[in-house]
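Enquirer: Sequence first, then the predicted structure:
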Amino acid sequence: MTADTSQRIDIAIAGAGPTGLTLALALRRELGPALAVAVFDPSLARPSAPDARASMIAADGRRLMESVGAWPAEAFPVAGLHVTDSRLEDVLRPTFLELAGSTPDGEPFAHMILDADLRARLRQRAEADGVALMPAAVTEHAAGAGALRLVAGGRIFRASLLIAADGAASPTRGRERIAVHQFAYDQTALVATLAHEAPHGGVAVQHFLPGGPFAMLPLSKNRSSLVWSERRDVAKRMAALDDEAFVAEVAARAGPEFGRITLAGARGAFPLRFLLARSFVGQRVALVGDAGHVVHPLAGQGFNLALRDVASLAGIVAGAARRGEDVGSPATLAAYERARRFETASLGAATDGLYRLFGHESARGLRDVGMGLVDRAPGLKRRIVAAASGL
């Protein structure tokens, strides 16, 4: 009889992005070293590549990250949100909707953070907390009697649960044959970090232009994160411009309020799509973040959905472990599916509906009247801010 040479771990996480690392830290906080948690990702062996993306983290996500000791000092509070609906050639862009940046309890409803700073802080915390960081991809997995057999970096592991935090193209989800509902938007997100002469005052600005939403989101040191969703053909031309010409196009859309604008970091372009997995669980497998759902960025809720996955799954798994139950059992995973399905599907439908409403010029009058009515309803605006905070 051949001896079992596999290495035993309790929970394996495929993917060392912000979602996977936050989940590892949350499980560590809940269970300490009682359960062995390992994060697998070949990127752990490489220096971080330049990244122009930033995340808007809602108040509930901030509380989660503070609780695991990973809240980055660079995070910048959002003091408010101004929304306009205009054409590029319009001289004036009246603000149709203004939202305060504080919840009814007075705390910021969201913070902005560069993804590179966020990943660096999470990696530092994971190393300090003794999370096993494995610089290899999980290339095979198969459920057996009471455990999963995993292959990563040529080594064999046995685990009770495999969590897919490996992105929208999730190899784990593919091997598990979990179907998805997905489609591509006729838009690409152009992202960049910008510096500007005039202070932003912590206010996020979102212009709904015919090509898509153009957002300037406040960062520290008088910088803003650009998230410019544009039709794919136009975005391709914009992405091909040199830095000077690109900044000129940005300035034409941002308006004069920011003064002189310059690049302060990397640029990037990302095709936009909608994705919703038919199930968030498989045999001893759970999907979190982009592996389970991808929504349009116009509401800035993609990473917040992922953090709510993390909080839910960590709590359910920790509860099962404390009760001496199998953390990868069908009952444990069914509880996670129930906890996350409704909010995820609802927010996905809502952001897709907003994309379609603001993507049609013929609906301009209707949506401007709607935003104006919301702007004149303080109670409704407070509820919107409270919902966006996640509290």
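Expert: Alright, I've got the coordinates.
Enquirer: Any figure for the gap between the residue nearest the centre of the chain and Gly282?
Expert: Residue closest to the average C-alpha location in the chain (C-alpha atoms, centre = their mean): Phe303, at 1.9 Å. Distance from Phe303 to Gly282, counting by C-beta to C-beta, to the nearest Å: 23 Å. Just so you know, the C-beta spots here come from the backbone N, C-alpha and C atoms, and that holds for glycine as well.
Enquirer: got it, and Asp10?
Expert: 18 Å.
Enquirer: same question, Gly69
Expert: For Gly69, the distance to Gly282 - C-beta to C-beta - is 31 Å.
Enquirer: Which one's more surrounded, those two?
Expert: Gly282 (20 against 15; other C-beta atoms under 10 Å).
Enquirer: any idea where the strands of the stretch 201-350 of the chain begin and end?
Expert: 203-209, 212-219, 223-231, 261-277, 281-282, 285-287, 293-294 (DSSP state E, counting those that start in this stretch).
Enquirer: Just the strands from the stretch 51-200 of the chain, written as ranges.
Expert: Per DSSP E, counting those that start in this stretch, the stretch 51-200 of the chain carries strands over the ranges 54-58, 76-77, 80-85, 95-100, 110-114, 132-134, 138-143, 148-152, 155-159, 161-164, 180-196.
Enquirer: How far does the shortest one sit from its chain's centre?
Expert: Relative to the centre of its chain, strand 76-77 is centred 17 Å away, using C-alpha atoms, centre = their mean, to the nearest Å.
Enquirer: again, but for stretch 227-238
Expert: Relative to the centre of its chain, stretch 227-238 is centred 21 Å away, using C-alpha atoms, centre = their mean.
Enquirer: what's the span of that stretch, first residue to last?
Expert: 13 Å (C-alpha to C-alpha, to the nearest Å).
Enquirer: and what of stretch 236-248?
Expert: For stretch 236-248, the first-to-last residue distance is 16 Å (C-alpha to C-alpha).
Enquirer: one step back: would you mind finding the most buried of the strands of the stretch 201-350 of the chain?
Expert: strand 285-287 (a mean of 28; mean count of other C-beta atoms under 10 Å).
Enquirer: So which elements touch it?
Expert: On a contact count with 3 or more C-beta pairs under 8 Å, 6 or more residues apart in numbering; DSSP states H and E, strand 285-287 meets strand 161-164, helix 171-176, helix 330-358.
Enquirer: ok, 10 Å please
Expert: Strand 285-287 sits against strand 11-14, strand 161-164, helix 171-176, helix 302-322, helix 330-358, with contacts defined as 3 or more C-beta pairs under 10 Å, 6 or more residues apart in numbering; DSSP states H and E.
Enquirer: which residues touch the residue lying closest to Phe157 once chain neighbours are set aside?
Expert: Excluding the flanking residues, the one nearest Phe157 by C-beta to C-beta, 6 or more residues apart in numbering is Leu150, at 4.3 Å. Contacts here follow C-beta atoms under 10 Å, 6 or more residues apart in numbering; on that basis Leu150 touches 6-7, 9, 12, 14, 38, 40, 138-142, 156-159, 162, 172.
Enquirer: 6 Å - rerun?
Expert: By C-beta atoms under 6 Å, 6 or more residues apart in numbering, the residues touching Leu150 are Ala12, Val138, His141, Phe157, Ala159.
Enquirer: TSV for the residues you listed, including pLDDT and neighbour count?
Expert: Output for the contacts of Leu150, formatted as TSV (pLDDT from 0 to 100; neighbours: other C-beta atoms under 10 Å):
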residue	pLDDT	neighbour count
Ala12	98	28
Val138	97	26
His141	97	24
Phe157	97	22
Ala159	97	26
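Enquirer: Could you report the neighbour count for Arg356?
Expert: Using other C-beta under 10 Å, Arg356 is surrounded by 12 other residues.
Enquirer: how near is it to Ala349?
Expert: 11 Å.
Enquirer: Likewise for Ser312?
Expert: 19 Å.
Enquirer: more neighbours, those two?
Expert: Ser312 (19 against 13).
Enquirer: Pretty sure the more buried one sits against Arg341.
Expert: No: counting by C-beta atoms under 6 Å, Arg341 is not a contact partner of Ser312; they are 10.7 Å apart.
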